[in-house]
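> Have a look; sequence and predicted model below, questions after that.
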Amino acid sequence: KRHLVSAADLSRDDALLILDTAEELAQLSGRAVKKLPTLRGRTVVNLFFEDSTRTKTSFEVAEKRLSADVINFSAKGSSVSKGESLKDTALTLQAMGADAVVIRHHASGAPARLAQSDWLHGSVINAGDGTHEHPTQALLDAFTMRRHLNPGAGQDLAGRRVTIVGDVLHSRVARSNVHLLNTLGAQVTFVAPPTLLPIGIENWPCEVSYDLDSVLPKTDSLMMLRVQRERMNAAFFPTEREYSRRYGMNGRRMAQLPDHAIVMHPGPMVRGMEITAEVADSPRCTAIEQVANGVSVRMAVLYLLLGGAVFADAPTDTPRT
Ligand code: CP
């Protein structure tokens, strides 16, 4: 039984295997091999208790490209709204023969609970749980950084400087990234208002700064985070104008980055808050490229977890979509 619950569970070799596999799959897609028979006959359930645009859609595309049977389950419109528990939902999916469950849940720890239970026999993949982790986001971020900063199969991000800016307190993306980036040898600096940093941040493997302008010239990859107002008490939040002035990414700040540096955002972006339209729409912003890379990375995770046939051996007359 193999799962992907936390980026912290990935060794350097695990992470590089996923990234290298994703690169090979991306190259196959680039050669118009859109569909592989690898997961034919396997059932993957996308179990989403929280809203999603990118993650849900890209997992579905990845599963279909691998020829899996896909079941989309949204808590809205299901018997969860009548009070059904996670356990009973999982037992129901098990009864239908799920080989893997991709779960997004508002409660931190829900994917780990499923993975540790005997409610499901298949793989559990965390698609974002509360403020805890979002491991496939960190993997697609690392994939994007590697393509821009350190190309080459088998190579990590040693010595690369990644600055992560904004609402770290509520960000599962930041947590998964700090684990994975450290595993891959990168140096992480968080820039955030003190009220949006978690207690105990001094024990995380990162530096902390409150001065974005001073960090920009030493940055290879700048990752802007969404301010998650839905998860916070209004008292913790500075005014929008004050936030944008101190921590927002704009054209003036983009000019302070080294020429090779990229601006990343996991999405959804709040234009005018953490990023201006000028930056979001600039060629240096990789937000849309990250979405495309997410399909290849999620294909790699599914392929490796579900142990499909070696994709290099896929028949050359592979059906195309
Ligand atoms: N990055 C991300 O998780 O986006 P969604 O919430 O749209 O899935």
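Done, it's in. Residues are numbered from 1 along each chain as shown.
> and the closest residue to the ligand within the stretch 201-321 of the chain, what does it touch?
Residue nearest to the ligand within the stretch 201-321 of the chain: P266 (3.9 Å; CB to the nearest ligand atom). No exception for glycine: its C-beta is placed from N, CA and C like everyone else's. P266 makes contact with R54, H134, Q137, D141, V173, M223, L225, R226, A287, Q290 under the criterion CB atoms under 8 Å, 6 or more residues apart in numbering.
> Against the ligand, how distant is the fourth one?
Put plainly, it is D141. Per CB to the nearest ligand atom, to the nearest Å, D141 is found 9 Å from the ligand.
> what residues are up against that residue?
V173, N177, L180, M223, M264, P266, Q290.
> Kindly confirm my reading that the first one forms part of a helix.
Yes: membership of V173 in a helix is supported by DSSP: H, G, I helix; E, B strand; the rest coil.
> I'd guessed it sits against P135; true?
No: the pair V173 / P135 is not scored as a contact, 10.0 Å apart, by CB atoms under 8 Å.
> more neighbours, the two?
For V173 versus P135, the count of surrounding residues by other CB atoms under 10 Å is larger for P135: 30 against 26.
> pretty sure that one contacts L4?
Yes: under the criterion of CB under 8 Å, P135 makes contact with L4 at 5.5 Å.
> In strands only, show me the contacts of D141.
Counted as lying in strands by DSSP state E, out of the contacts of D141, are M223, M264.
> Make JSON lines out of the contacts of D141 and add pLDDT and distance to E240.
Conversion of those to JSON lines gives the following (pLDDT from 0 to 100; distance: CB to CB, whole Å):
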{"residue": "V173", "pLDDT": "98", "distance to E240": "21"}
{"residue": "N177", "pLDDT": "98", "distance to E240": "25"}
{"residue": "L180", "pLDDT": "98", "distance to E240": "31"}
{"residue": "M223", "pLDDT": "98", "distance to E240": "20"}
{"residue": "M264", "pLDDT": "98", "distance to E240": "22"}
{"residue": "P266", "pLDDT": "97", "distance to E240": "20"}
{"residue": "Q290", "pLDDT": "98", "distance to E240": "25"}
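> Let me know the closest of the contacts of D141 to T189.
For the contacts of D141, the minimum distance to T189 (CB to CB) is 10.4 Å, reached by M223.
> hmm, back to that, could you find the lowest-pLDDT member of the contacts of P266?
The lowest pLDDT within the contacts of P266 belongs to R226, with 92.
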